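Peer 1: dropping the sequence and predicted coords here.
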Amino acid sequence: MNFPIPYLPGEVSMTLIECAVHAGFPSPAADYAQSRIDLNRHLLINENASFLFRVLGESMTGIGIYDGDTLIVDRSITPAHNQIVLAVIDDEFTVKRLYRRGQDVRLIAENPAFPPIILKEGQELRIWGVVTFNLHRLLNV
């Protein structure tokens, strides 16, 4: 996991084609409208607390987070049980599912090849932020 890429203010916009895209059977061609959307407003909950992280590794593939993906992490969200979080264990970043029930706190991988992280005596865990989006590239260009 690399260090965060800070959010840089300013509008980032793209054209939104307002037409449903079916992932099942194709539908007949339909009229559609075009408009511009600000990706910052669409992807960021709190722009002042949002950061980008590049994923390194395969521990979260079970929920569609792959090596090389870019995560949007929001530091203003209070982490809760079962959320995907960016954690820091002994000064190293990791992305995992947060398991928190009473005093039992673990970080759970979403790949059966990786065991849960259960803190040992003397280890420090900080939840750096909550993952809100995964930007996954479908085509290598």
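Peer 2: Sure thing, it's come through.

Peer 1: tell me where this structure has strands.
Peer 2: Secondary structure of the chain by DSSP state E: the strands cover 5-6, 13-18, 33-38, 50-54, 70-74, 84-89, 92-101, 104-108, 117-118, 125-135.

Peer 1: buried stuff in stretch 91-99?
Peer 2: Using 16 or more other Cβ atoms under 10 Å as the test for burial, stretch 91-99 gives 93-98. Glycine gets a C-beta too; all of them are placed from N, C-alpha and C.

Peer 1: and the two most separated of the residues you listed?
Peer 2: Largest separation among these by Cβ to Cβ: Phe93 and Arg97, giving 15.2 Å.

Peer 1: stretch 75-88: end-to-end distance?
Peer 2: This stretch, stretch 75-88, spans 13 Å end to end (Cα to Cα, to the nearest Å).

Peer 1: need the buried residues of stretch 91-99 in CSV (columns: distance to Gly62 and pLDDT).
Peer 2: As requested, the buried residues of stretch 91-99 are exported to CSV (distance: Cβ to Cβ, whole Å; pLDDT from 0 to 100):
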residue, distance to Gly62, pLDDT
Phe93, 19, 93
Thr94, 15, 94
Val95, 12, 96
Lys96, 11, 97
Arg97, 10, 98
Leu98, 15, 97
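
Peer 1: redo the residues you listed as CSV? Include distance to Ile84.
Peer 2: Formatted as CSV, the buried residues of stretch 91-99 follow (distance: Cβ to Cβ, whole Å):
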residue, distance to Ile84
Phe93, 13
Thr94, 11
Val95, 7
Lys96, 7
Arg97, 6
Leu98, 8
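
Peer 1: mind checking pLDDT for the closest residue to Ser76 other than its chain neighbours?
Peer 2: Using Cβ to Cβ, 6 or more residues apart in numbering and skipping residues adjacent in sequence, the residue nearest Ser76 is Ala49, 3.8 Å away. pLDDT recorded at Ala49 is 78.
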